[in-house]
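J.: Provided below are the primary sequence and the corresponding predicted coordinates.
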Amino acid sequence: MSIKIKDLSFSYGTRRCAGAGRGQVPYDVLRHIDLDLPDGCLVNVLGPNGAGKSTLFRCMLCLEDGYTGSIAIDGRDLRQMSVRERARTIAYIPQTHESVYDYSVLDVVLMSAASQTGAFGVPRADQVKRAWEALERVGIARLAHRPATRISGGEQQLVLIARALAQNARTIIMDEPTSALDYGNTMRVLGCVRQLAREGLSIIQSTHQPDQAFLFADKVLAINKGRVRAFGDPRDVITEELVAELYGVDVSICSLFGDRMRVCVPSQEIDVTGQDARSRVK
Ligand SMILES: Nc1ncnc2c1ncn2[C@@H]1O[C@H](COP(=O)(O)OP(=O)(O)OP(=O)(O)O)[C@@H](O)[C@H]1O
């Protein structure tokens, strides 16, 4: 689904203005954001802590609706859609998700049906079938009857992706889906996410790893201080200047395998003077 954001600004409230006696002023966490996210695209959102990534997601999900400007999905204004319609359109995987109840993995995935059956409705046969298909799709059907609290972090993340798939939403927003995962699970989850985008889903996910964006993203959105700093192809957007600006770290961007892959190397940690820099991307 295509997402069009026009002049989006959002504030959580006011803060005291610098200087004596100036009073409270609105503190805009998001400032005049214009974006056109194409359909069937895997977008990685980069930006330092507090840049506004989660807030942007919350606005796109209408969890915060006090924004100015507009957000349209496939041409329809988000605010004109009912809660159920929105739930069917966009699935959300938040930054942290810790279930305290011992629901089975299958039950967690079946919660996706709540937007159609209501919170206490019994899932229909087709919804159960879809839940199984989603579990198969992400490769964890074998875990269906295990308590969702007693599986690994990577498996839990895959359960949430399966739930989003079973919800049948064409757009999935993920807030740092791999932040708690080890290297192997990170690669498996991101590989699964990329495959889903190749099959036509629109996926927007935040990450703090520019290298991940080189490897997995179709587009990169860089946000800094609530503004869009850059948007486009990873190779165009992720530059040494951008990484230094966003994260305050000097990196060299190097190419590998005949430039099929690029990586950020923190050059301030190693002395690269006089080294062979032929593969460095200028
Ligand atoms: N509920 C809230 N009330 C007031 N201010 C908030 C609230 N949530 C976030 N903020 C502030 O809004 C700004 C943006 O926060 P946000 O969580 O969107 O950043 P982020 O880019 O997702 O950061 P991170 O990478 O650390 O998750 C920060 O200054 C944060 O302190």
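T.: Noted; the coordinates are in hand.
J.: where do the strands of the chain begin and end?
T.: Taking DSSP state E as the test, the strands found in the chain are 3-16, 24-37, 42-46, 68-73, 76-77, 90-93, 171-174, 202-206, 219-224, 227-232, 252-256, 261-265.
J.: and the fifth one, average pLDDT?
T.: Mean per-residue pLDDT for strand 76-77: 94.
J.: relative to it, what are the paired strands and their orientations?
T.: Here strand 76-77 is paired, per DSSP bridges, with strand 68-73 (antiparallel).
J.: buried stuff in the partner strand?
T.: For strand 68-73, the neighbour count (16 or more other CB atoms under 10 Å) marks 71, 73 as buried. All C-beta spots, glycine's among them, are computed from the backbone N, C-alpha and C.
J.: mean confidence score for that strand?
T.: 95.
J.: same deal with stretch 108-117?
T.: For stretch 108-117, the mean pLDDT works out to 77.
J.: now swap in stretch 225-238 and tell me
T.: On average, stretch 225-238 scores 97.
J.: returning to that earlier point: out of the strands of the chain, nearest to Ser54?
T.: Checking the strands of the chain against Ser54 by CB to CB gives strand 202-206 as the closest, at 7.2 Å.
J.: okay, now the unreliable bits of the stretch 51-200 of the chain?
T.: Scanning the stretch 51-200 of the chain for pLDDT under 70 picks out 96-100, 114-121.
J.: tell me where it has helices.
T.: Ranges of helices within the stretch 51-200 of the chain are 53-60, 83-89, 105-110, 114-117, 125-137, 153-166, 183-198, based on DSSP state H, counting those that start in this stretch.
J.: distance to the ligand and mean neighbour count for those - can I get that in a markdown table?
T.: Compiled in a markdown table, the helices of the stretch 51-200 of the chain are given as follows (distance: least, CB to the nearest ligand atom, whole Å; neighbours: other CB atoms under 10 Å):
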| stretch | distance to the ligand | mean neighbour count |
| --- | --- | --- |
| helix 53-60 | 3 | 23 |
| helix 83-89 | 19 | 16 |
| helix 105-110 | 24 | 23 |
| helix 114-117 | 25 | 16 |
| helix 125-137 | 27 | 17 |
| helix 153-166 | 17 | 24 |
| helix 183-198 | 17 | 17 |
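J.: can you list these in a markdown table and add distance to Val251?
T.: Formatted as a markdown table, the helices of the stretch 51-200 of the chain follow (distance: least, CB to CB, whole Å):
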| stretch | distance to Val251 |
| --- | --- |
| helix 53-60 | 20 |
| helix 83-89 | 37 |
| helix 105-110 | 39 |
| helix 114-117 | 42 |
| helix 125-137 | 36 |
| helix 153-166 | 27 |
| helix 183-198 | 20 |
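J.: quick one: closest of these to Asp28.
T.: helix 53-60 (10.2 Å).
J.: quick one, that closest one and strand 202-206 angle?
T.: Calculated by axes from the mean of the first three to the mean of the last three CA atoms, to 10 degrees, helix 53-60 forms an angle of 150 degrees with strand 202-206.
J.: export helix 53-60 as PDB, just CAs?
T.: What follows is helix 53-60, C-alpha atoms only, in PDB (Å, rounded to 0.1, in the frame of the first residue of the first chain):
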ATOM      1  CA  LYS A  53      10.900   7.400  14.700                       C
ATOM      2  CA  SER A  54       8.500   5.700  17.100                       C
ATOM      3  CA  THR A  55       6.400   8.900  17.200                       C
ATOM      4  CA  LEU A  56       6.100   8.900  13.400                       C
ATOM      5  CA  PHE A  57       5.000   5.200  13.600                       C
ATOM      6  CA  ARG A  58       2.400   6.100  16.300                       C
ATOM      7  CA  CYS A  59       1.000   8.800  14.100                       C
ATOM      8  CA  MET A  60       0.900   6.500  11.100                       C
END
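J.: okay then, goodbye and thanks.
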